[in-house]
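Visitor: here are the coordinates; sequence isn't available:
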């Protein structure tokens, strides 16, 4: 009987492994506030997002073309990567990368979860 050693296939260039994905801390958050961000180069809002036991964090999001009425975002559940280093954007500290789809028309619809998920829940 011949034994063949199990090996992992090499990843194509530019690929990510499951270990890469596991290093991301992706969580559910609830939008508390949506503020105008006129200092940003591209149209953007400043979002204040509750991540439950992980606290409240802020994010810059280039979504006004998709959501011209900021009121539709308040209370919405969103998905964010919370363990990237903060970024300074036009003097504002963005602490979270809020995830959205990137269709070719330039609009950015936000990713979300169904009701039943709670702020702070992990995504995986």
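Guide: Yep, that arrived. Just so we're clear, the structure is a prediction, and the values are computed from it rather than from any experiment. Numbers count the residues shown, from 1 in each chain.
Visitor: Which positions within stretch 75-92 qualify as buried?
Guide: By 16 or more other CB atoms under 10 Å, the buried positions in stretch 75-92 come out as 77-80, 82, 89, 92. Where you see a C-beta, it was placed from the backbone N, CA and C, and this is true even at glycine.
Visitor: possible to save these as a markdown table with distance to residue 121 and pLDDT?
Guide: Compiled in a markdown table, those are given as follows (distance: CB to CB, whole Å; pLDDT from 0 to 100):
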| residue | distance to residue 121 | pLDDT |
| --- | --- | --- |
| 77 | 9 | 98 |
| 78 | 12 | 98 |
| 79 | 10 | 98 |
| 80 | 12 | 98 |
| 82 | 12 | 98 |
| 89 | 27 | 96 |
| 92 | 26 | 97 |
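Visitor: between the residues you listed, which is closest to residue 117?
Guide: Checking the buried residues of stretch 75-92 against residue 117 with CB to CB, the nearest one is residue 77 at 6.1 Å.
Visitor: Tell me how far that closest one lies from residue 41.
Guide: Between residue 77 and residue 41 the computed distance is 28 Å (CB to CB, to the nearest Å).
Visitor: How about residue 110?
Guide: In terms of CB to CB, residue 110 sits 20 Å off from residue 41.
Visitor: For the two, indicate the residue with more neighbours.
Guide: residue 110 (20 against 8; other CB atoms under 10 Å).
Visitor: dump the residue contacts of the closest residue to that one other than its chain neighbours.
Guide: Leaving aside its chain neighbours, residue 110 sits nearest to residue 100 (4.6 Å; criterion: CB to CB, 6 or more residues apart in numbering). Residue 100 makes contact with 61, 63, 66, 108-111 under the criterion CB atoms under 8 Å, 6 or more residues apart in numbering.
Visitor: So which of the residues you listed wins on neighbours?
Guide: Most neighbours among the contacts of residue 100, by other CB under 10 Å: residue 61, with 28 neighbours.
Visitor: Fine by me, thanks again.
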